[in-house]
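>>> Give me coordinates for this.
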Amino acid sequence: MKVTGVIQAGGRSVRMGGRPKALIDLSGRPIIERVVAALSPAVDDMLIVTNTPELYAFLGLAMVEDVYPDHGSLGGIYSGLKAAAGGAALTVACDMPFLHPGVVQLVADRAGEGDVVIPRVGSQLETMHAAYAKACLPHIEERLIAGRLKIVEFFERVRIVEIIEEDVARFRDPHVAFMNVNTPEELERARALAAELG
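This next block holds a predicted model:
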């Protein structure tokens, strides 16, 4: 199955004082460049979901705007999946500096096995590091129209394949691999981790 990598960069970065999290420098390059580097080997093509395309033009990637503006992460997943050339969209957040190419590949390799292929860490499903098949589109749209924006709510309508924590851990500590940088405190932790990981 052809898999499109989709980077979600539509958030307003409120907790980061409004500056785009994806463009924050971490060890000499913007976080989004680290995301692109981890995602690109595993996918057939890539796009960014953003309402500020001018900020990401330097990456030279295709960009799409939200089909349903202000509908949170679920709206972003829908927009990326609808625009994806592939049969599935491997969707990740733009503020995950420690994505691991091996973990991304793990999800991409299994993309055809279910409508949603998603890692689980403890009780948490990693909705922003998952492959969504085109079959999800009507179920997501139904919820967007109803204003029900919790991502996992539509899962009852589709086939889910979970990737276990132990499989992720073979490549990187899951709590590091799926870490987001949402606050100044998390940014400080990320800087320390980046120095540690090299």
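
>>> Can you tell me the closest non-neighbouring residue to the one residue sitting closest to the centre of the chain?
For the chain, the residue nearest the mean C-alpha position is residue 92 (1.0 Å; C-alpha atoms, centre = their mean). Spatial nearest neighbour of residue 92, chain neighbours left out: residue 129 (5.4 Å); criterion: C-beta to C-beta, 6 or more residues apart in numbering. C-beta here means a position set from N, CA and C on the backbone, and glycine is covered the same way.

>>> right, and the one you found touches residue 107 too?
Yes: between residue 129 and residue 107 a contact is recorded at 6.8 Å, counting by C-beta atoms under 8 Å.

>>> Are there residues contacting both of the two? Which ones?
Common neighbours of residue 129 and residue 107 (criterion: C-beta atoms under 8 Å, 6 or more residues apart in numbering): 118-119.

>>> related to what we said a few turns ago, show the contacting residues for the residue nearest to residue 92.
For residue 129, the contact set (C-beta under 8 Å, 6+ apart) comprises 91-93, 96, 99, 103-104, 107, 118-119, 177-178.

>>> What about these, which one has the most neighbours?
If you count neighbours using other C-beta atoms under 10 Å, the busiest of the contacts of residue 129 is residue 96, which has 28 neighbours.

>>> I figured that one hits residue 180, correct?
Yes: the criterion here is C-beta under 8 Å, and residue 96 meets it with residue 180 at 5.9 Å.

>>> Tell me the residues that contact both of these two, please.
residue 128.

>>> just how off-centre is the longest helix seen in the chain within its chain?
Counting residues, the longest helix found in the chain (DSSP state H) is helix 184-197. On the basis of C-alpha atoms, centre = their mean, to the nearest Å, helix 184-197 sits 20 Å off its chain's mean C-alpha point.

>>> Please export the C-alpha coordinates of that helix as CSV.
Extracted in CSV, the C-alpha atoms of helix 184-197 (Å, rounded to 0.1, in the frame of the first residue of the first chain):
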residue,chain,number,x,y,z
PRO,A,184,8.7,25.9,27.7
GLU,A,185,9.3,23.2,30.3
GLU,A,186,9.0,20.5,27.8
LEU,A,187,11.3,22.4,25.5
GLU,A,188,14.0,22.5,28.2
ARG,A,189,13.6,18.7,28.7
ALA,A,190,13.9,18.2,25.0
ARG,A,191,17.1,20.3,24.8
ALA,A,192,18.6,18.2,27.6
LEU,A,193,17.5,14.9,25.8
ALA,A,194,18.8,16.1,22.5
ALA,A,195,22.2,16.7,24.0
GLU,A,196,22.1,13.3,25.6
LEU,A,197,21.1,11.5,22.4
